[in-house]
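Undergrad: below are the sequence and a predicted model; questions follow.
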Amino acid sequence: MMAIKSSKKPRGLVRFINIVLILVFAAILFVYGESFSRNVLEGASVLQQQAVAPPVEKPSESLDDNHTTKTVLQTETSPPVTTVSPPQKEKDIVDEVKPLQEEKRAKKEPVPTEPSKEDEDYDEPEEAEKTQNDTDSDGSEFLKVLENCRDLICIQEAHAKLPRSSDMFNFPHFMIIGFQKAATTSLKQYLEKHSHIIKPMVKEPNFFPYDCKEKPPEKCSAANTTKYITKTLHLQRYIDAKGQVATFEASTHIVRAGHNLAHRMAKLMPWLRIIIQLREPISRAASMLIHNKDVNSLGCLMRQDMGHCLLHHSQITEKSTTSYQPITYTEALQPWIDAFPRDQIHVIQYEALTSEKHGESELKRVKDFIGVDVNEHMQGLGLQNARRFRINPEGWTLKRSEYEELLDIVRPDTDSFLELLYDNDLIDDTTDWKEIWEEIWTSNLDTCKNEKNRCNIMLS
């Protein structure tokens, strides 16, 4: 009996020591974190189990990081032990300590917030201030600097660096860039009647394609640039109106020089809005040939008939020998679509613009794109330079084979550029546009049904 009593005392003492150790470990847990404490508690559990239970020779199981059991193979030097999940009291301690740990960690490592003004790389307040100034500023500093600009870089930097009010137009605000013989003159003369649009000095200044040799600003002479800014675009009138009027110009040679001009103009004037007008391609090419003969007394029609000229010496078939000039709408449009944001490009179908059915709505769309009052009363478009009503108004004679060959040229390009416009959200669908042109082509082919197999081609 005495031996039994003496053997129980050490066991009671071990339990007491283990409890003390557990409390010490809990304190350590509080200070050094959850992961360390879990390992310590498991160690304490093992010590307690060894104290109260005799060794058992079998594989042991331990807890992994996800609190699931796994088998642990014992070595020959360590006696096999069996570990179990920590007692409920130890789990309770962990659950109580964990919130305290998180609270303490939060005090040491505060949750990241927005960068402070003292941070070296913090630029957002400056951007926010700039945006605010763009809205609230009256633009007086912008106008003061712009008034003295005589080169394109000065205009670019004034727009980029100086605040202006949200109701001010850019300078220049928009351009009609082509195509030739697609009612660009008519649209230009219509828009310049608006009370918030300034009439340019001339319709075709061709500053960028000719004066700058398609490479602005490095190829633009100082004299031509000053004239363009002050005279063509009427800088002083814009300044006097405090930027409340839109300045523009219309040079139809720009669009076909897009391979050189598009990215350069987008870099110089990233705010610029561009208007592109397209006409049924055979009619447009024929109209250009007629224009050259009527106005300049030169060109293919001075020597050959219309069929031959369209097939061999027109803008849809003849490639320039001196400079690159695209002969398809797709080639010409692609650089502008690549260079400018979609909401700064507006395309117009000539046939819709000049029709009684769609003309008024098309003009409203143009004014809305520019950003002027769409309801301001203005006279209708009217057609300027429309030679089709006075030169061969009855039509032009072509062989059926000639016209069919022309259709084989323009139809694939029509499908291609319409898909390009549609894919870039510049038109709502391709069907309506294509149907208008197909109707023109079918109507002209219907006139070929005669003994001589010749067609009477009417221009759109």
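TA: Right, received. Where do you want to start? A quick note: this is a predicted structure, and the numbers were derived from the prediction, not measured.
Undergrad: pLDDT weak spots in the stretch 1-150 of the chain?
TA: Scanning the stretch 1-150 of the chain for pLDDT under 70 picks out 1-12, 14, 24-136.
Undergrad: tell me the mean pLDDT for stretch 423-443?
TA: Regarding stretch 423-443, the rounded mean pLDDT is 97.
Undergrad: what of stretch 214-232?
TA: For stretch 214-232, the mean confidence score works out to 97.
Undergrad: report the buried residues of that stretch.
TA: For stretch 214-232, a neighbour-count test (16 or more other CB atoms under 10 Å) marks 214, 216, 217, 220, 224, 225, 227, 228, 229, 232 as buried. For every residue, glycine as well, the C-beta is placed using N, CA and C.
Undergrad: centre of the chain to that stretch, how far?
TA: 29 Å (CA atoms, centre = their mean, to the nearest Å).
Undergrad: now the end-to-end length of that stretch.
TA: Counting by CA to CA, to the nearest Å, you get 18 Å between the two ends of stretch 214-232.
Undergrad: ok, and what's touching it?
TA: 149-153, 155, 200-202, 205, 207-208, 211-213, 235-236, 249, 257, 260-261, 264-265, 268 (CB atoms under 8 Å, 6 or more residues apart in numbering).
Undergrad: can you check stretch 161-172 too?
TA: 130, 133-139, 141-143, 145-146, 155, 159, 196, 233, 235, 238, 242-249, 269, 271-272, 371.
Undergrad: ok, of the residues you listed, which come out buried?
TA: 134, 137, 139, 142-143, 146, 155, 159, 196, 233, 235, 238, 243, 245-249, 269, 271-272.
Undergrad: distance from the chain centre to the helix or strand containing residue 249, please.
TA: If you go by DSSP states H and E, residue 249 is part of strand 246-250. Centroid separation for strand 246-250 versus its chain: 24 Å, with CA atoms, centre = their mean.
Undergrad: centre of the chain versus the next helix or strand after it, how much separation?
TA: Counting by DSSP H and E, the next helix or strand C-terminal to strand 246-250 is helix 258-268. Distance of helix 258-268 from its chain centroid, counting by CA atoms, centre = their mean, is 16 Å.
Undergrad: and helix 258-268, C-alpha only, in PDB?
TA: Provided in PDB are the C-alpha atoms of helix 258-268 (Å, rounded to 0.1, in the frame of the first residue of the first chain):
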ATOM      1  CA  GLY A 258      -3.700  58.300 -93.500                       C
ATOM      2  CA  HIS A 259      -0.700  55.900 -93.700                       C
ATOM      3  CA  ASN A 260       1.500  59.000 -92.900                       C
ATOM      4  CA  LEU A 261      -0.900  61.500 -91.300                       C
ATOM      5  CA  ALA A 262      -3.200  59.500 -89.000                       C
ATOM      6  CA  HIS A 263      -0.800  58.700 -86.200                       C
ATOM      7  CA  ARG A 264       0.900  62.100 -86.500                       C
ATOM      8  CA  MET A 265      -2.300  64.100 -86.300                       C
ATOM      9  CA  ALA A 266      -3.600  61.900 -83.400                       C
ATOM     10  CA  LYS A 267      -0.400  62.600 -81.500                       C
ATOM     11  CA  LEU A 268      -0.500  66.400 -82.200                       C
END
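Undergrad: list the strands paired with the helix or strand just after it, with their directions.
TA: For helix 258-268, the following helix or strand on the C-terminal side (DSSP H and E) is strand 273-278. Strand pairing for strand 273-278, using DSSP bridges, gives strand 174-178 (parallel), strand 345-349 (parallel).
Undergrad: so for residue 448, which of these sits nearest?
TA: strand 345-349 (25.5 Å; CB to CB).
Undergrad: which other residues reach the closest one?
TA: Against strand 345-349 from outside (CB under 8 Å, 6+ apart): 187, 273-279, 336-337, 362, 365-366, 369, 421, 426-427, 433, 436.
Undergrad: continuing past it, what's the next helix or strand?
TA: helix 350-353.
Undergrad: can you give me the mean pLDDT across the next helix or strand after that following helix?
TA: Going down the chain from helix 350-353, the next helix or strand is helix 359-370, by DSSP H and E. For helix 359-370, the mean pLDDT works out to 96.
Undergrad: most centrally placed residue in this protein?
TA: The centroid of the chain falls nearest to residue 341 when counting by CA atoms, centre = their mean (4.9 Å).
Undergrad: what residues are up against that residue?
TA: If you count contacts by CB under 8 Å, 6+ apart, residue 341 has none.
Undergrad: can you offset everything so residue one is 11?
TA: Renumbered: residue one is now 11, and that last one reads residue 351.
Undergrad: please report phi then psi for it.
TA: phi -60, psi 150 (degrees, to the nearest 10).
Undergrad: what strand or helix carries residue 164?
TA: Counting by DSSP H and E, residue 164 is found in helix 162-171.
Undergrad: ah, wrong one, I meant residue 329
TA: Residue 329 belongs to no helix or strand, assigned by DSSP H and E.
Undergrad: next one: residue 204
TA: Residue 204 belongs to no helix or strand, assigned by DSSP H and E.
Undergrad: leaving out chain neighbours, which residue sits closest to residue 389?
TA: residue 203 (7.1 Å; CB to CB, 6 or more residues apart in numbering).
Undergrad: quick one: pLDDT of the one you found?
TA: The per-residue pLDDT reported for residue 203 equals 93.
Undergrad: repeat for residue 461
TA: On the pLDDT scale, residue 461 gets 75.
Undergrad: next, count neighbours for it.
TA: 5 (other CB atoms under 10 Å).
Undergrad: quick check: it vs residue 452, distance?
TA: Counting by CB to CB, to the nearest Å, the separation of residue 461 from residue 452 is 21 Å.
Undergrad: repeat that for residue 296.
TA: Relative to residue 452, residue 296 is positioned 17 Å away (CB to CB).
Undergrad: looking at these two, which one has more neighbours?
TA: residue 296 (27 against 9).
Undergrad: isn't that one right next to residue 407, touching?
TA: No: using CB atoms under 8 Å, residue 296 makes no contact with residue 407, being 11.9 Å away.
Undergrad: which other helices and strands does whichever strand or helix holds residue 195 contact?
TA: Using DSSP H and E, residue 195 falls within helix 194-201. Judged by 3 or more CB pairs under 8 Å, 6 or more residues apart in numbering; DSSP states H and E, helix 194-201 is in contact with strand 184-188, strand 256-260, strand 283-288, helix 369-380.
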